[in-house]
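Participant: structure, please.
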Amino acid sequence: MDIKTPVLADPAPIKKSRLSMHSSILPYSPQPQRALFATGMLLSIPRKKTGVLDDVRTAAWLDSMKSSSPPPKKFAYDTNADQDSSDVDVSYRSWTLNYPSALTSFEQITHFAKGKRLALFLDYDGTLSPIVDNPDLAFMSDDMRSAVKDVAKLFPTAIISGRSRDKVYEFVGLSELYYAGSHGMDIMSPAKGSAGFNGHPNCVKLTDKQQGKEAVLFQPASEFVSMIEEVFTSLIETTKEIKGATVENNKFCVSVHYRNVAEKDWKTIALRVYAILKEYPRLRLTHGRKVLEVRPVIDWNKGKAVEFLLDSLGLNDCDDVLPIYVGDDRTDEDAFKFLREENRGYGILVSSVPKESHAFYSLKEPSEVMEFLKELVTWKLSSL
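Facilitator: Below is the predicted model of the structure:
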C-alpha cells in the first residue's frame, strides 16, 4: 500500500463510464502486493488560508450536497420533475444492465467464488439498516442481525462505517465481527481474530468495555481525537439555530447531518461548516448521503481499511480469496475502487436509483442485502 500521498481534497466525482461491463469479468489474478504500513501515516503540509476561494469552494460544496442527496424516486442526474413511475422503472432496469442485481447474478458470483475463501465487508447505514430521519434510530432488524451472524460464522466479516465504532457495535451487538468505525480509522478485531493486528504500527491492546475482553485496535488517526472534539463542539454551536441540523461525534470524524434541514438552508450549513473547517488545515471535508463529514487529512478511507483487514487476516497475498464489499454511499466508492483496480473482488452498490459507481453489482435496498447474505450462507453450507 502506498501511504506517501495524503488525501488533500474530496475524491473527484466519478465521471467516466464503466471501464468494463459485467460480461467481461474474468477470474481474478491478484497483483503483487506492496508492504503495508512500513512507516507512520504521513500528514499533508497545512493548507494556506485564502479568502479568495471561499465563495467558490462553498458553492462547490453546495453542488456536492445536492448531487450526493438525490430526492426520493428521482435520479441524481434527473431534472424532469414530472417523470412518472414507469419511466423510473425503465431507467432503473436499463441501469442494471451495467450493474446487474447480485441476486439474479448469484450463480455467476458463486461460480467465481468456487474454491476461494470469501471475505465480506459491509457498510451499515442504508445497507444493513434503512436510512432514517434520526441517525440515532437507525436500528437493524432482528432478521438482519441473524443473517449477519450466520454469515460471520462462515466467512471473515467486517462492518465498515462512517459512524463511531462504539455506535455501530451498539447497533449490531455481535462479537464475531470486525468493526471499523470513522471510515476505517478505528478498527477493532473480534477476540479470536486479533493475531493479525500484532506488529502493525498504530495498534493498541486494551480491554474492550462493550465485550469485556481484551481487544486490539488499529487507529491511524489517534492524534486527532482532541482536535475532532474541539471541532465537534464548534459545529454544535454554529449549527444550533439551523432547524433540523444535527452534529454527530464519530471520534475520528464529525458528521453534520442535514437530512431534516430545508434545502433553502443548505447553503447556510455549508458556509458555517466551511468557516470552522478553514481554521483547521489538517482536517478536510467529504460528502455522504445528506451528511457533511469532517475528517483528518491522512491517506485513509474505506478502501485502505479493506486492505488493512485483508492483510491482518492473512488474505492479502492470496489468489484464492474473493473479497465482497456491500455499501450504499459515496464513501463506499473507495472500497469499490480498491477491489476493482486490484482485480480482486466484487463491489455491490445498494441503491434504488441509478448512480455511476466502481461497483460491479447492485442490490436495491437492505431487504435485498439480507436475502443476499442468506443466499451466501445456503451456498456455503451446501458445499461443505
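
Participant: so which helix or strand of the protein has the lowest pLDDT on average?
Facilitator: In the chain, no helix or strand scores lower on mean pLDDT, DSSP states H and E than strand 203-207, which sits at a mean of 60.

Participant: tell me which stretches of the stretch 101-250 of the chain form helices.
Facilitator: Listed from the start of the chain, the stretch 101-250 of the chain has helices (DSSP state H, counting those that start in this stretch) covering 106-113, 142-154, 165-172, 225-239.

Participant: right, so these: which one is the most enclosed?
Facilitator: helix 165-172 (a mean of 20; mean count of other CB atoms under 10 Å). Any C-beta I mention is one placed from the backbone N, CA and C, and that applies to glycine too.

Participant: tell me what that helix is packed against?
Facilitator: strand 178-181, strand 186-188 (3 or more CB pairs under 8 Å, 6 or more residues apart in numbering; DSSP states H and E).

Participant: and the contacts of the last one?
Facilitator: I take that to be strand 186-188. Identification of contacts with strand 186-188 by CB atoms under 8 Å, 6 or more residues apart in numbering yields 164-165, 169, 178-181, 208, 215-219, 251-252, 305, 308-309.

Participant: hang on, the earlier thing: redo the helices and strands packed on helix 165-172 as CSV? Include mean pLDDT, distance to V273 and mean neighbour count.
Facilitator: Shown next, in CSV, are the helices and strands packed on helix 165-172 (pLDDT from 0 to 100; distance: least, CB to CB, whole Å; neighbours: other CB atoms under 10 Å):
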stretch, mean pLDDT, distance to V273, mean neighbour count
strand 178-181, 95, 21, 26
strand 186-188, 93, 22, 27
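
Participant: contact partners for L120?
Facilitator: V151, A152, F155, P156, T157, A158, P323, I324, V326, L376.

Participant: thought the third one was touching K116?
Facilitator: No. Counting by CB atoms under 8 Å, K116 is not a contact partner of F155; they are 10.6 Å apart.

Participant: so who does N301 touch?
Facilitator: Per CB under 8 Å, 6+ apart, neighbours of N301: V7, H183, G184, T331, D334, A335.

Participant: between those, which sits nearest H257?
Facilitator: H257 has its nearest neighbour among the contacts of N301 in T331, at 14.2 Å by CB to CB.

Participant: contact partners for the closest one?
Facilitator: Neighbouring residues of T331 by CB under 8 Å, 6+ apart: G162, H183, T286, G288, E293, N301, K302.

Participant: wasn't it part of a strand?
Facilitator: No. Looking at T331 with DSSP: H, G, I helix; E, B strand; the rest coil, it is helix, so not inside a strand.

Participant: what's the distance between the residue sitting nearest the centre point of the chain and E107?
Facilitator: The C-alpha lying nearest the average C-alpha coordinate of the chain belongs to D332 (CA atoms, centre = their mean; 3.6 Å). Distance check for D332 against E107: by CB to CB, to the nearest Å, it reads 25 Å.

Participant: kindly report the same for T233.
Facilitator: 52 Å.

Participant: G115 too?
Facilitator: Counting by CB to CB, the gap from G115 to E107 is 15 Å.

Participant: got any ranges where the chain has weak pLDDT?
Facilitator: Within the chain, the stretches with pLDDT under 70 are 1-59, 61-62, 66-88, 191-215.

Participant: tell me where the chain has strands.
Facilitator: Taking DSSP state E to define them, one finds strands in the chain at 117-122, 157-160, 178-181, 186-188, 203-207, 214-218, 246-249, 254-257, 283-288, 291-296, 321-327, 346-350, 361-363.

Participant: reformat those strands as CSV; add distance to S382.
Facilitator: Output for these, formatted as CSV (distance: least, CB to CB, whole Å):
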stretch, distance to S382
strand 117-122, 14
strand 157-160, 19
strand 178-181, 26
strand 186-188, 32
strand 203-207, 38
strand 214-218, 34
strand 246-249, 42
strand 254-257, 41
strand 283-288, 37
strand 291-296, 40
strand 321-327, 17
strand 346-350, 20
strand 361-363, 21
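
Participant: of all these, which one comes closest to I276?
Facilitator: Closest to I276 of the strands of the chain, according to CB to CB: strand 291-296, at 8.0 Å.

Participant: for the closest one, packing partners?
Facilitator: Strand 291-296 sits against helix 225-239, strand 254-257, helix 266-277, strand 283-288, with contacts defined as 3+ CB pairs under 8 Å, 6+ apart.

Participant: for the residue lying closest to C253 once chain neighbours are set aside, give me its contacts.
Facilitator: Nearest non-adjacent residue to C253, counting by CB to CB, 6 or more residues apart in numbering: R295, 4.4 Å away. Residues counted as contacts of R295 (CB under 8 Å, 6+ apart) are S182, H183, M185, F252, C253, L283, R284, L285, T286.

Participant: of these, which is the nearest to D125?
Facilitator: H183 (12.3 Å).

Participant: would you check that the closest one makes contact with R165?
Facilitator: No. Using CB under 8 Å as the test, H183 is too far from R165 to be in contact (10.8 Å).

Participant: ok so, going back, out of the strands of the chain, which gets nearest to A60?
Facilitator: Of the strands of the chain, nearest to A60 by CB to CB is strand 283-288, at 10.3 Å.

Participant: what's the angle from the closest one to helix 266-277?
Facilitator: With axes from the mean of the first three to the mean of the last three CA atoms, to 10 degrees defining the directions, strand 283-288 sits at 150 degrees from helix 266-277.

Participant: how far does strand 283-288 sit from the chain's center?
Facilitator: Its chain's C-alpha centre and that of strand 283-288 lie 13 Å apart, by CA atoms, centre = their mean, to the nearest Å.

Participant: elements contacting it?
Facilitator: helix 54-67, helix 266-277, strand 291-296.

Participant: what angle sits between the helix ranked longest in the chain and strand 117-122?
Facilitator: When the chain is scanned for its longest helix (criterion: DSSP state H), the result is helix 366-383. Following the same axes, to 10 degrees, one obtains 160 degrees for the angle between helix 366-383 and strand 117-122.
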